[in-house]
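1. predicted structure and sequence below. I'll ask about it afterward.
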Amino acid sequence: MAVNMFPFTVFFLLFFVFHPSSQSQVSISLNSTTLSKSGDSVLIKWSGIESPSDLDWLGIYSPPNSSHDHFIGYLFLNKSDIWKSGSGSISLPLINLRSNYSFRIFHWTQSEINPKRLDHDHNPLPGTAHLLASSEELSFEKGHGPEQIHLAFTDNDDEMRVMFVMEDSTESYVRYGERKDKLDGVAVAHLRRYEREHMCDSPANHSVGWRDPGYIHDGVMRNLKKGARYYYQVGSDTGGWSTTHSFLSRNRDSDETIAFLFGDMGTATPYSTFIRTQDESISTMKWILRDIEALGEKPAFISHIGDISYARGYVWLWDNFFNQIEPVATKVAYHVCIGNHEYNWPLQPFKPDWATYGKDGGGECGVPYSLRFNMPGNSSETTGTDAPATRNLYYSFDDGAVHFVYISTETNFLPGGSQYNFLKHDLESVDRNKTPFVVVQGHRPMYTTSNELRDAPLRNKMLEHLEPLFVKNKVTLALWGHVHRYERFCPLNNFTCGNMGLNGENGNELPVHVVIGMAGQDWQPIWQPRPNHLDVPIYPQPKRSLYRGGEFGYTRLVATKKKLTLSYVGNHDGEVHDMVEILASGQVVSGSGAGGVGSAEASGERVESTFSWYVKGASVLVLGAFVGYVLGFISHARKNVGSGSSWTPVKTEDM
């Protein structure tokens with residue numbers, strides 16, 4: 001009997017139309033199945049894709065048994081120049097997440113885009129319906145020692161804290177000394193760890209966001225000589241030792257202070273993921289490293305005032321952040337205060353009806369922030385859950401000629417609370433003969449001219465309760481983040497400029513408020529718009545706002561007992577774009593770059609700070625070293641890999 005083959009032919013044709021290739025036809029290979037340390041790259045090759053789509057993509061998975069939708073990140077295959085041939089390769093630097101990696105290739109087309117499955121910029125997340133190939137597993141070699149090393153001051157001038165991450169709870173140590181070949185000081189590191197059940201909401205406590213954070217080790221180097229260079233290693237004989245790093249110890253007798261200050265930096269990744277990451281953070285760290293290396297034997301420290309990693313519940317981004325800051329944080333103390341993206345969630349204990357605290361923390365509820373850092377003081381607030389208390393909220397320390405104070409705008413700051421009592425007592429107790437300058441730092445600003453109305457009630461409470469303390473106790477500088485721009489105000493009290501002493505008369509000794517949240521987060525609120533043109537900001541800006549800049553960057557603080565200088569350094573050129581100088585008497589003797597956009601920048605002015613001579617000689621060498629370390633890890637081109645797979649971010653009100 002004759003058999004009609006037509007139906008079978010149609011079936012097979014339809015199969016290949018709707019399944020352009022199968023997993024057995026596509027191969028994926030790795031040039032190595034082991035990497036030595038975080039930042040090392042693997043070369044991923046593939047071939048055999050028939051009728052490739054410009055939306056075909058490579059998924060990055062750790063642990064390897066993660067479900068298809070629970071990737072760490074992804075890259076479109078058209079990142080490779082020869083992707084249309086069905087073959088190609090991608091070199092990908094990776095962070096050690098203490099778990100193996102694997103890679104999967106998926107076929108995806110425009111017609112399969114799911115408008116309900118979006119990232120936080122409202123761009124479609126790639127579909128996982130058509131798996132083409134899976135790789136073998138990739139691991140990191142054991143015994144190479146701890147990672148994510150970072151320093152911090154303690155409450156004692158003759159100490160330095162060092163924290164790091166290891167895969168297990170094996171006892172670890174800090175070896176240190178004044179000679180690189182004689183690390184005869186030994187400190188035992190204490191263990192910290194948080195678990196998935198400590199997270200209070202998703203994605204932090206969900207499989208898509210949670211990853212094992214490893215064990216956090218915390219050691220303190222004690223009995224340090226004043227202003228001496230110390231060398232140190234961290235680790236153990238069983239788990240391996242880090243490379244040898246060095247720092248300059250604090251000198252309580254010094255009259256000089258140098259610090260690098262900013263907010264809202266975040267971290268960059270070499271792949272796309274569920275949330276927007278911050279490519280500009282690379283440049284911020286690059287220029288700060290330049291400045292630190294140029295200082296030579298002058299000590300300094302970092303001040304990062306909230307919105308630290310922007311992990312938002314995707315826990316592995318904390319690993320990326322600490323890997324990225326390690327070249328700087330192994331050399332100088334890295335200090336922080338809490339921001340909305342570390343803490344906020346709907347059931348947080350302090351949430352008065354006038355506040356605007358949402359889900360900015362991604363369900364982390366301050367836990368990674370509280371355990372991965374250990375700042376001076378013992379401030380803490382209960383979480384109302386089984387999670388560890390939220391720490392590192394408010395504290396202070398002296399450094400040279402400056403008394404630095406850190407406060408929390410995310411927890412209770414009202415009169416009668418522990419933070420208010422701390423701040424009042426701390427400011428009233430400052431010895432102005434020892435530290436003539438006082439710098440207070442917090443995340444959400446007391447003053448800003450940005451078009452940001454949600455925090456107006458909170459700012460009003462700060463003006464009502466905190467500003468009188470600032471004015472009465474003659475705070476020199478008040479530094480804030482949250483608004484992702486730079487803005488410097490005149491000396492202020494109740495929106496009114498005081499006498500700056502520009503003509504030689506005595507100043508009013510009112511606080512100079514500066515917003516410094518421009519270190520990396522790329523969502524930028526515009527300034528207050530014109531009533532009939534909402535996309536155009538008002539010019540000129542209010543008189544109290546002396547300089548506004550949209551340039552990413554950071555600030556440098558240099559102070560002696562006679563003068564404090566704060567300089568705003570732009571990331572695109574590493575040059576000073578604004579500067580203010582304040583005498584110990586309270587006089588604001590200069591404020592270069594006044595006006596900001598449309599004035600100093602438009603005329604091509606460049607303001608030179610007193611710091612600049614430190615920088616001149618070391619820039620080229622240091623920048624080259626940093627580029628080799630960090631830009632080898634992050635590729636800015638990763639998001640511009642072809643028109644079919646480069647989403648245009650929809651800017652959300654994400655601060």
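-> Nice, I can see it. Residues are numbered from 1 along each chain as shown.
2. quick one: the helices in the stretch 501-650 of the chain, in order.
-> Along the stretch 501-650 of the chain, the segments classed as helices by DSSP state H, counting those that start in this stretch run 612-615, 619-626.
3. the closest residue to residue 164 other than its chain neighbours: neighbouring residues, count only.
-> Leaving aside its sequence neighbours, residue 164 sits nearest to residue 146 (Cβ to Cβ, 6 or more residues apart in numbering; 3.8 Å). From N, CA and C alone the C-beta is placed, and that goes for glycine too. Counted with other Cβ atoms under 10 Å, residues neighbouring residue 146 total 24.
4. correct me if wrong: residue 146 contacts residue 243.
-> No - using Cβ atoms under 8 Å, residue 146 makes no contact with residue 243, being 10.4 Å away.
5. shared neighbours of these two, which are they?
-> The contact sets of residue 146 and residue 243 do not overlap (Cβ atoms under 8 Å, 6 or more residues apart in numbering).
6. quick one: pLDDT of residue 541?
-> At residue 541, the model reports a pLDDT of 82.
7. do the one 5 residues further on as well
-> At residue 546, the pLDDT value in this model is 94.
8. contacting residues for residue 438?
-> Counting by Cβ under 8 Å, 6+ apart, residue 438 has contacts 402-403, 405, 427, 430, 432, 473-477.
9. which ones among those lie within strands?
-> 402-403, 405, 477 (DSSP state E).
10. want to throw those residues into JSON lines with neighbour count, pLDDT and distance to residue 347?
-> Below are these laid out as JSON lines (neighbours: other Cβ atoms under 10 Å; pLDDT from 0 to 100; distance: Cβ to Cβ, whole Å):
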{"residue": "402", "neighbour count": "23", "pLDDT": "98", "distance to residue 347": "38"}
{"residue": "403", "neighbour count": "25", "pLDDT": "98", "distance to residue 347": "35"}
{"residue": "405", "neighbour count": "22", "pLDDT": "98", "distance to residue 347": "29"}
{"residue": "477", "neighbour count": "25", "pLDDT": "98", "distance to residue 347": "35"}
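11. now distance to residue 253 too, for these, in a markdown table please.
-> Listed next are these as a markdown table, based on distance: Cβ to Cβ, whole Å:
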| residue | distance to residue 253 |
| --- | --- |
| 402 | 14 |
| 403 | 16 |
| 405 | 22 |
| 477 | 23 |
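12. quick check, nearest of those residues to residue 383?
-> residue 405 (24.1 Å; Cβ to Cβ).
13. these two touch, right, the closest one and residue 429?
-> No - contact criterion Cβ under 8 Å: residue 405 and residue 429 do not qualify, at 11.0 Å.
14. ok, residue 517 - contacts?
-> Residues near residue 517 by Cβ under 8 Å, 6+ apart: 262-264, 305, 307, 445, 480-485.
15. if you set the cut-off to 7 Å instead, what comes out?
-> Contacts for residue 517 (Cβ atoms under 7 Å, 6 or more residues apart in numbering) come out as 263-264, 481-485.
16. re the thing from before, list the contacts for the residue nearest to residue 164?
-> 164-166, 172, 217, 234-235, 242 are the contacts of residue 146 under Cβ under 7 Å, 6+ apart.
17. rerun that using 10 Å as the cut-off
-> By Cβ atoms under 10 Å, 6 or more residues apart in numbering, the residues touching residue 146 are 162-167, 172, 189, 214-215, 217, 233-236, 239-242.
18. hang on, the earlier thing: pick the one among the ones in strands among the contacts of residue 438 closest to residue 555.
-> Comparing those against residue 555 with Cβ to Cβ picks out residue 477 as the nearest, at 9.8 Å.
19. now do the contacts for the residue nearest to the closest one when sequence neighbours are not counted.
-> Of all residues not flanking residue 477 in the chain, residue 439 sits nearest, at 4.5 Å (Cβ to Cβ, 6+ apart). Counting by Cβ under 10 Å, 6+ apart, residue 439 makes contact with 257, 259, 261, 303, 396, 399, 402-406, 475-479, 511-512, 514, 557, 559, 564, 566.
20. can we see that at 7 Å?
-> Residues near residue 439 by Cβ under 7 Å, 6+ apart: 402, 404-405, 476-477, 479.
21. just give me how far the helix or strand hosting it sits from the chain centre.
-> Per DSSP states H and E: residue 439 is located in strand 437-442. From the chain centre to the centre of strand 437-442 is a distance of 21 Å (Cα atoms, centre = their mean, to the nearest Å).
22. residue ranges in the stretch 1-150 of the chain under the pLDDT threshold?
-> Counting by pLDDT under 70, the ranges of the stretch 1-150 of the chain that qualify are 1-24.
23. for it, which segments count as strands?
-> Secondary structure of the stretch 1-150 of the chain, counting by DSSP state E, counting those that start in this stretch: strands at 27-30, 34-35, 41-47, 57-61, 73-76, 88-93, 102-107, 130-134, 139-140, 147-152.
24. output these as TSV; include the columns distance to residue 584.
-> Output for the strands of the stretch 1-150 of the chain, formatted as TSV (distance: least, Cβ to Cβ, whole Å):
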stretch	distance to residue 584
strand 27-30	61
strand 34-35	52
strand 41-47	51
strand 57-61	53
strand 73-76	50
strand 88-93	47
strand 102-107	59
strand 130-134	65
strand 139-140	52
strand 147-152	28
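25. filter the contacts of residue 517 down to the buried ones and hand me the ChimeraX line.
-> To isolate the buried subset of the contacts of residue 517 in ChimeraX, counting by 16 or more other Cβ atoms under 10 Å, use the following:
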select :263,264,481,482,483,484,485
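26. quick one, the helix or strand residue 234 falls within and strand 147-152 angle?
-> Secondary structure assignment for residue 234, by DSSP H and E: strand 229-236. Between the axis of strand 229-236 and that of strand 147-152 there is an angle of 140 degrees, by axes from the mean of the first three to the mean of the last three Cα atoms, to 10 degrees.
27. which elements pack onto the first helix or strand past strand 229-236 going along the chain?
-> With elements assigned by DSSP H and E, the helix or strand that comes after strand 229-236 is strand 240-241. Applying 3 or more Cβ pairs under 7 Å, 6 or more residues apart in numbering; DSSP states H and E, we find strand 240-241 packed against no helix or strand.
28. now strand 240-241, how far from the chain's geometric center?
-> With Cα atoms, centre = their mean, you get 27 Å for strand 240-241.
29. now do it: everything it contacts.
-> Contact partners of strand 240-241, identified using Cβ under 7 Å, 6+ apart, comprise 143-145, 233, 235.
30. if any of those are buried, put those into a ChimeraX selection.
-> This is how ChimeraX selects the buried members of the contacts of strand 240-241, with burial counted by 16+ other Cβ under 10 Å:
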select :144,145,233,235
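31. which pair in the contacts of strand 240-241 spans the largest distance?
-> Maximum distance among the contacts of strand 240-241 (Cβ to Cβ): 14.0 Å, for 143 and 233.
32. residue nearest the middle of this protein, spatially speaking?
-> Using Cα atoms, centre = their mean, the residue of the chain that lies closest to the mean C-alpha position is residue 266, 2.7 Å off.
33. nearest spatial neighbour of that one, chain-adjacent residues omitted?
-> residue 278 (3.3 Å).
34. let me see the contact set for that neighbour.
-> Taking Cβ under 7 Å, 6+ apart, we find residue 278 in contact with 265-268, 310, 520-522.
35. how distant is stretch 58-71 from the center of its chain?
-> Here stretch 58-71 is found 25 Å from its chain centre; the criterion is Cα atoms, centre = their mean.
36. for it, measure first residue to last.
-> Terminal residues of stretch 58-71 lie 10 Å apart, using Cα to Cα, to the nearest Å.
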